[in-house]
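>>> sequence first, then the predicted structure, then my questions.
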Amino acid sequence: MEQLSGLDATFINVETRNAPTHISGLAIYDQSSAPNGRVTFKGILSNVESRLHLARCFRQKIVRVPFGFDHPYWIEDADFDLEFHVRHIALPKPGDWRQLCIQVARLHARPLDHGKPLWEMYVIEGLDGVEDMPPGSFAVMTKVHHAAVDGVSGVELTAAIHDLEPEGAPPEADDEWIAESEPSLLELALRSTVNNIRQPFHFAQVLGEAAPPAIRALLERRFYAVGSEEDEDEPLEVPRTRFNGKVSPHRVFEARTFSLADVKQIRKSVEGATVNDVMLTLCGGALRKYLEHHGELPLDTLSAFAPISTRTADQAGTAGNQVSGMFVRLHTDEPDPVRRLQKVYRTTLDSKQVAKAVGARSMTDVTQTMPGALAGLSGRLIARTGLMSRLKPIAHTVVSNVPGPQVPLYFTGAKMVGSFALGLPMEGIGLFHAVPSYNGAISVCVTACRDQLPDPALYAECIEDAFRELREAAVS
């Protein structure tokens, strides 16, 4: 039995029916590389079963502490049933990209069953109408709760069920899997009592260590902004847009894929810029075009929250969340795409300096040491009252860049030919951009509340147009 960290437990505490807190990966496969040129559902079940030991979250479920007095625990599920988690469906004819997006959005909108290990896998056939995909392709959508994985550990989870060659085999398990019985109420009560006595002292210590550098960094950042000719007219407040309201339980999904080589070429137009800066600029350009189309573009710039992984080398292969983040101005008030990239680069440099000064692990440390009863109560209160959609906006979207492997991967012998991701729209920020890369390609994947983004195909066109403009301006 292992207790969830404070940050992992936060994703349990803030979850609501309208805002479930799982993330999903979507991959498309060419089965012609598999033995006999065909993959069967039985073969997929056998493949996944042989790899369950490679990721603990596959067979772990949560046990809640009575009345939410402490963070929940992970236990090995004695009733684990693989066929509950791995499911087989098919798209109706003609099986095109639009139908795949609709199906994936519907599946992503459904909360996971908290009485089971927090993941589901859908094998989706009937993709014959998806453009640029080989005949007979199939997709696999994997939903995993954010309490179990972050973006980086999600990539590691993907690696666990894939091979580097069509006929790869998983390593054998070192130990035999042993199921656990659920702890008694008395045991949970005793553990929570001890933790809630001990944690306030650790919490105060962490706050004491984090506060001085945070205040100093923010003051230095403010003085820099006031003294900079470039930034002297920056807004003091984040403008409210359609993406800052309450979210419905319905989701939409769209994605566009680009050459990673093209993105790296674009970044050369601004000295020091990164791939992440280019993708932030692209997302800002798409937002600018979309809101301009609807006559809703604010005069002030929009902003994004960008997660930053704090996972160290010795934490590789572990589940859970090791993440901090930064707020980034997207400079949507700048019409010139290259100048926008220049400004985004300076902004991310500034934000990274603040994050570094505060300490990369501060968010993890603060949430871990906050008393479980207080953390659980505050998280549930914020979620159930929809407080985040009523307060002043803090950002308009999340942009999560998750670098993936740059070599081909194989699942049950089938070659992965497309990689996408779905994030978690939430109260107050109903638009999520996931930016996964794989084997020389990089995608912008949009997950949003359907009420806030009723026309996802239009937004996808805005992404394409923004990329074309940025590429043409960068190479001219």
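On my side now, so go ahead.
>>> from here on, just use CA atoms for contacts and neighbour counts.
Fine.
>>> flag the shaky bits of the stretch 351-476 of the chain, pLDDT-wise.
351-384, 386-389 (pLDDT under 70).
>>> strands of that one, residue ranges please.
For the stretch 351-476 of the chain, the strands defined by DSSP state E, counting those that start in this stretch occupy 397-402, 410-411, 414-422, 431-438, 441-449.
>>> now the ones you listed as TSV including distance to Ser259?
Shown next, in TSV, are those (distance: least, Cα to Cα, whole Å):
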stretch	distance to Ser259
strand 397-402	15
strand 410-411	21
strand 414-422	12
strand 431-438	10
strand 441-449	5
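>>> mind putting the ones you listed into CSV with mean neighbour count?
Formatted as CSV, these follow (neighbours: other Cα atoms under 10 Å):
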stretch, mean neighbour count
strand 397-402, 25
strand 410-411, 26
strand 414-422, 24
strand 431-438, 25
strand 441-449, 25
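>>> quick check, Pro92 in contact with Gly126.
Yes. Using Cα atoms under 8 Å, Pro92 is in contact with Gly126, at 6.9 Å.
>>> show me which of those two is the more surrounded one.
Gly126 (20 against 12; other Cα atoms under 10 Å).
>>> which ones are touching the more buried one?
90-95, 136-138 (Cα atoms under 8 Å, 6 or more residues apart in numbering).
>>> same check on Val407?
164, 438-440.
>>> ok, how many other residues are close to Thr10?
Counted with other Cα under 10 Å, Thr10 comes out at 23.
>>> element containing it?
Element membership for Thr10, per DSSP states H and E: helix 6-13.
>>> kindly report the domain assignment for the protein.
As given by automatic domain parsing, the domain ranges for the chain are 2-190, 200-405+421-475.
>>> quick revisit: from the contacts of Gly126, pick the one nearest Pro425.
Leu91 (25.0 Å; Cα to Cα).
>>> how close does that closest one sit to Gly136?
12 Å (Cα to Cα, to the nearest Å).
>>> could you tell me which residues touch both of those two?
126-127.
>>> what sits against the most centrally placed residue in the chain?
With distances taken as Cα atoms, centre = their mean, the residue of the chain nearest its centroid is Gly423 (4.5 Å). Counting by Cα under 8 Å, 6+ apart, Gly423 touches 22-24, 432-434, 446-447.
>>> at 6 Å instead, please
When contacts are counted by Cα atoms under 6 Å, 6 or more residues apart in numbering, Gly423 touches 23, 432, 447.
>>> what's across from the closest residue to it other than its chain neighbours in the sheet?
Leaving aside its chain neighbours, Gly423 sits nearest to Ile23 (5.1 Å; criterion: Cα to Cα, 6 or more residues apart in numbering). Per DSSP bridges, the residues bridged to Ile23 are Val144.
>>> how close does Ile23 sit to Pro92?
Taking Cα to Cα, one finds Ile23 at 25 Å from Pro92.
>>> could the contacts of Val407 be laid out in JSON lines, adding distance to Glu237?
Shown next, in JSON lines, are those (distance: Cα to Cα, whole Å):
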{"residue": "Leu164", "distance to Glu237": "48"}
{"residue": "Tyr438", "distance to Glu237": "37"}
{"residue": "Asn439", "distance to Glu237": "40"}
{"residue": "Gly440", "distance to Glu237": "38"}
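>>> out of those residues, which is most surrounded?
Going by other Cα under 10 Å, Tyr438 tops the contacts of Val407 with 21 neighbours.
>>> which ones are touching it?
Applying Cα under 6 Å, 6+ apart, the residues near Tyr438 are 404-406.
>>> ok, now Val417?
Contact partners of Val417, counting by Cα under 6 Å, 6+ apart, are 28-29.
>>> give me that answer again for 8 Å
27-30, 133.
>>> with Val475 instead?
265-266, 269.
>>> export the contacts of Gly423 to a markdown table and tack on distance to Arg59?
Formatted as a markdown table, these follow (distance: Cα to Cα, whole Å):
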| residue | distance to Arg59 |
| --- | --- |
| Ile23 | 18 |
| Phe432 | 28 |
| Thr447 | 27 |
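>>> and Phe67, that's in a helix?
Yes. Phe67 sits within a helix when classified using DSSP: H, G, I helix; E, B strand; the rest coil.
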